[in-house]
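# Sequence first, then the predicted structure:
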2 protein chains.
Amino acid sequence: MTETTATIRDVASRAGVSVATVSRLVNNTGKVSEETAKFVRAAIRDLGFRPNAVGRSLSTSHTRSLGVVIPSLSNPVFADAVAGINAEARARGYTLMFTSTDYSPDDEVRTIGTLLDYRVDGVILTIADPMNNAALEILDSAGVPCILIYNLPSASEHPTVTVDNVAAGREVAQTLIGLGHQRLGMVSGSFAASDRAVARCDGFVDGVVGRGLPAPLILEVDFVDPNVEEALVPIYADRATAPTALFCSNDLLAISVIGVLGRMGLDVPKDVSVIGFDGIAVGTHLHPTLATVIQPSHEMGRVATQQLLDRLAGKESPITKILPHTYRPGESAGPAPS
Amino acid sequence: MTETTATIRDVASRAGVSVATVSRLVNNTGKVSEETAKFVRAAIRDLGFRPNAVGRSLSTSHTRSLGVVIPSLSNPVFADAVAGINAEARARGYTLMFTSTDYSPDDEVRTIGTLLDYRVDGVILTIADPMNNAALEILDSAGVPCILIYNLPSASEHPTVTVDNVAAGREVAQTLIGLGHQRLGMVSGSFAASDRAVARCDGFVDGVVGRGLPAPLILEVDFVDPNVEEALVPIYADRATAPTALFCSNDLLAISVIGVLGRMGLDVPKDVSVIGFDGIAVGTHLHPTLATVIQPSHEMGRVATQQLLDRLAGKESPITKILPHTYRPGESAGPAPS
DNA sequence: ACTATGAATGTAACCGGTTACATCACGAAT
DNA sequence: ATTCGTGATGTAACCGGTTACATTCATAGT
């Protein structure tokens, strides 16, 4: 059972041909007569030969593998993107080398280094901040093509697949204002760890002050261990001045916030409205259902992979794609209390 | 910037030594005088040399990479396990090749084939059914060590890291009966795609009939596109005979069920109690909070990886580990309606 | 003084593929 | 008859590491 796996030379000798012929048949490169082909196929079948990808990679200097680097799998939004990446990569015969960084820039460069050692053909990644990012520099100087997802388009010239976070933030502000809210707030994951959180916030603030309302209250919490309770309790000690609506930089945060508000005796949406961001599936099953901005995560992963793979196939280089986001109304956002 | 990456021979010639010496220094194998070491280190630094993992793998015939095969990333339970695997693997210098199979046995064997082509040193996987599984057979005949997670221990002799699903199912039954419920039901993901769903159901049924109650109603839904609505509506057309408590084979399903019940005008837990399985984080933030059985997913991933890596390091072979599960009470499970 | 021992290093084969180039046979064109 | 093109195949170098084995040299033992 545990026979040593057959090599191309085994196949060649069993079929009475040279390794070149076997290789040509296996890869459809160069001609081989139908007559010989039959022998070779038989030998391949008999020996259960499957070409060793390591040997092949060494000689071709490409691996048909892609690196995937994302902050965390705990957030379904990234899990969905990885699912999209996986689907597209598989369909085109590529394999994924995966790592998550827990939002740590140190881990970003460490992991990129490893991926480069393994000679991945390209990398799909979401990083803390694409401006002056060490990981991207390493990638560039190694000449390995890459594409960002979720990250903002930036002067760094690296293509990205994302949504218009600023516009979305602004729309959330307008939606909330349209519902009569005047005192607004934002609960965001750490700005240092997320350029998109910054953009969503920027858009939100712009939307709020653009309508002549006072700037929203901004609460920043940690990504890995967000202590929402600690942030919210002091604010809602005085309900008369506290925000009647909160925009959260992602759905997971929004769900936490709703839970905490409930435990503080505040009703969502009667007392406070909450809008999230991401559109994770579970949001539609909650009670109240979660109002949120949907980003097409699976599609984003797919499109990014597609572009990267096209590039590797010698076609056009990846370009930044801004995919459409949509506001999904939900019970968590209602009219301002009177 | 885009200099071709330096090879060990470049380093050797720049340092005026042989490749063997460089290799010995890099890998701490064999002696090299401090004097020479200095030159070599300098050359490595100057050239930015990093050993090519592909070349190394070819000659050592191991890759320091692990294959990870799971049904889906959409379920946070698997995402958590992968996070645990990632953490442990990284800590020990291993890289992950990742694929998801969407619960398809065909995909299982396809993806295992690819992983084997890349010569992963070991595989961590969750499959539909470990009995007579084609993927496991391939792995065995290739002599690649593997360890299951979530799957049940079985006659197949493959070690697995999981919880006692039968006992957990029985406990759920007892909990519900203790709350006064008499008409019980189970909503489960496809049995064909999940041996653990079968076990949870077995335990549940056993717990119910063991107490002299009529066998629970069993509803089976698809994993990838579970149409809970369609399953539940006919059952609750007659509320007098419908179950007053439902055990769901996973939390995602439970959340759906709660949503659907709510939309049918039924209150959870006043009219119907619901208990899930998995203990995904979001459950604690829901309203009502989700009663569930917690499995230590992150830990399961970690332990499995640890065992596999120990085995690869020449230590003991992996053995089946049954990790403790815990019942987490939640608002979704309450006393039976009178 | 002579050999045994061991440290430091180098040479070259090997891992499993790919592929440039050479070779050979055969029929067509001149 | 000679030349040429083309199809089919083989030879061997190469990708970038590792490592068994050989070699050299200095030192310790007798």
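In hand now; what should we look at?
# wait, does stretch A:90-104 contact DNA strand C?
No. Stretch A:90-104 lies out of reach of DNA strand C by C-beta under 7 Å from any atom of the strand, never closer than 13.0 Å. In this view, the C-beta of every residue, glycine as well, is placed from N, C-alpha and C.
# Check the offset of that stretch from the chain's centre.
Taking C-alpha atoms, centre = their mean, to the nearest Å, one finds the center of stretch A:90-104 at 10 Å from the center of the full chain.
# Okay, strands next: where are they in the stretch 201-338 of chain A?
Listed in chain order, the strands of the stretch 201-338 of chain A (DSSP state E, counting those that start in this stretch) span A:217-221, A:245-248, A:273-275, A:292-294, A:321-323, A:326-328.
# Out of those, which is the most enclosed?
Per-stretch averages of neighbours, counted by mean count of other C-beta atoms under 10 Å in any protein chain shown, single out strand A:245-248 among the strands of the stretch 201-338 of chain A, with a mean of 31.
# Name the surrounding residues that touch stretch A:316-324.
By C-beta atoms under 8 Å, 6 or more residues apart in numbering or on different chains, the list of residues contacting stretch A:316-324 from outside reads A:145, A:147, A:153, A:159-164, A:295-296, A:299-300, A:303-304, A:307-308, A:310-311.
# 7 Å instead?
Residues from elsewhere that reach stretch A:316-324 (C-beta atoms under 7 Å, 6 or more residues apart in numbering or on different chains): A:147, A:153, A:159-164, A:296, A:299-300, A:303, A:307-308, A:310-311.
# now do stretch A:23-43
Applying C-beta under 7 Å, 6+ apart, the contact partners of stretch A:23-43 are A:8, A:11, A:14-17, A:21-22, A:51.
# Filter those residues down to the ones in strands?
Among these, no member falls in strands (DSSP state E).
# what sits against A:Ala155?
A:Met131.
# Against A:Asn165, how distant is it?
According to C-beta to C-beta, to the nearest Å, A:Ala155 stands 16 Å off from A:Asn165.
# Next: A:Asn151.
For A:Asn151, the distance to A:Asn165 - C-beta to C-beta - is 10 Å.
# Pull up the overlap in contacts between those two.
Listed contacts common to A:Asn151 and A:Asn165 are A:Arg196; contacts here mean C-beta under 7 Å, 6+ apart.
# Pull the contacting residues for A:Gly283.
A:251, A:276, A:289-290, A:292, A:330.
# Quick check: which ranges of chain A have low pLDDT?
Applying pLDDT under 70 to chain A flags the ranges A:1-3.
# got the residues of it near chain B?
Residues of chain A lying near chain B by C-beta under 7 Å from any C-beta of the partner chain: A:1-2, A:50-55, A:57-58, A:63, A:73-74, A:76, A:79-80, A:82-83, A:86, A:90, A:95-100, A:114, A:117-119, A:141, A:143, A:255-256, A:259, A:262, A:282, A:285-287.
# follow-up on the earlier one: how about the contacts of stretch A:23-43 in TSV, adding distance to DNA strand C and neighbour count?
Formatted as TSV, the contacts of stretch A:23-43 follow (distance: C-beta to the nearest atom of the strand, whole Å; neighbours: other C-beta atoms under 10 Å in any protein chain shown):
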residue	distance to DNA strand C	neighbour count
A:Ile8	3	20
A:Val11	8	27
A:Arg14	13	18
A:Ala15	13	22
A:Gly16	16	11
A:Val17	11	19
A:Thr21	8	22
A:Val22	7	26
A:Pro51	4	17
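# Can you get me a residue count around the residue in the stretch 201-338 of chain A that DNA strand C sits nearest to?
Nearest to DNA strand C in the stretch 201-338 of chain A, going by C-beta to the nearest atom of the strand, is A:Gly314, at a distance of 14.0 Å. Neighbour count of A:Gly314, defined by other C-beta atoms under 10 Å in any protein chain shown: 6.
# Helices - which of the contacts of stretch A:316-324 land there?
Among these, the ones falling in helices (DSSP state H) are A:299-300, A:303, A:307-308, A:310-311.
# check contacts around A:Leu66.
Shown in contact with A:Leu66 (C-beta under 7 Å, 6+ apart): A:89, A:94, A:96, A:120-124, A:308.
# out of those, which is most surrounded?
A:Ile124 (28 neighbours).
# so which pair among the contacts of stretch A:23-43 is furthest apart in space?
Comparing all pairs in the contacts of stretch A:23-43 by C-beta to C-beta, the longest separation belongs to A:Gly16 and A:Pro51, at 19.4 Å.
# Using PDB, write out the CA atom coordinates for stretch A:153-172.
Output of stretch A:153-172 as PDB, limited to C-alpha atoms (Å, rounded to 0.1, in the frame of the first residue of the first chain):
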ATOM      1  CA  PRO A 153      -7.400  52.700  -2.800                       C
ATOM      2  CA  SER A 154      -4.400  54.800  -1.900                       C
ATOM      3  CA  ALA A 155      -1.400  56.600  -3.300                       C
ATOM      4  CA  SER A 156       0.500  53.400  -2.700                       C
ATOM      5  CA  GLU A 157      -0.500  52.400  -6.300                       C
ATOM      6  CA  HIS A 158      -1.600  49.000  -5.200                       C
ATOM      7  CA  PRO A 159      -4.800  47.800  -6.700                       C
ATOM      8  CA  THR A 160      -7.600  46.900  -4.300                       C
ATOM      9  CA  VAL A 161     -11.100  45.500  -4.500                       C
ATOM     10  CA  THR A 162     -13.400  47.200  -2.100                       C
ATOM     11  CA  VAL A 163     -16.500  49.400  -1.700                       C
ATOM     12  CA  ASP A 164     -16.800  53.100  -1.400                       C
ATOM     13  CA  ASN A 165     -16.500  53.300   2.300                       C
ATOM     14  CA  VAL A 166     -16.700  57.100   2.500                       C
ATOM     15  CA  ALA A 167     -19.800  57.300   0.500                       C
ATOM     16  CA  ALA A 168     -21.300  54.400   2.500                       C
ATOM     17  CA  GLY A 169     -20.500  56.200   5.800                       C
ATOM     18  CA  ARG A 170     -22.200  59.400   4.400                       C
ATOM     19  CA  GLU A 171     -25.300  57.400   3.400                       C
ATOM     20  CA  VAL A 172     -25.600  56.000   6.900                       C
END
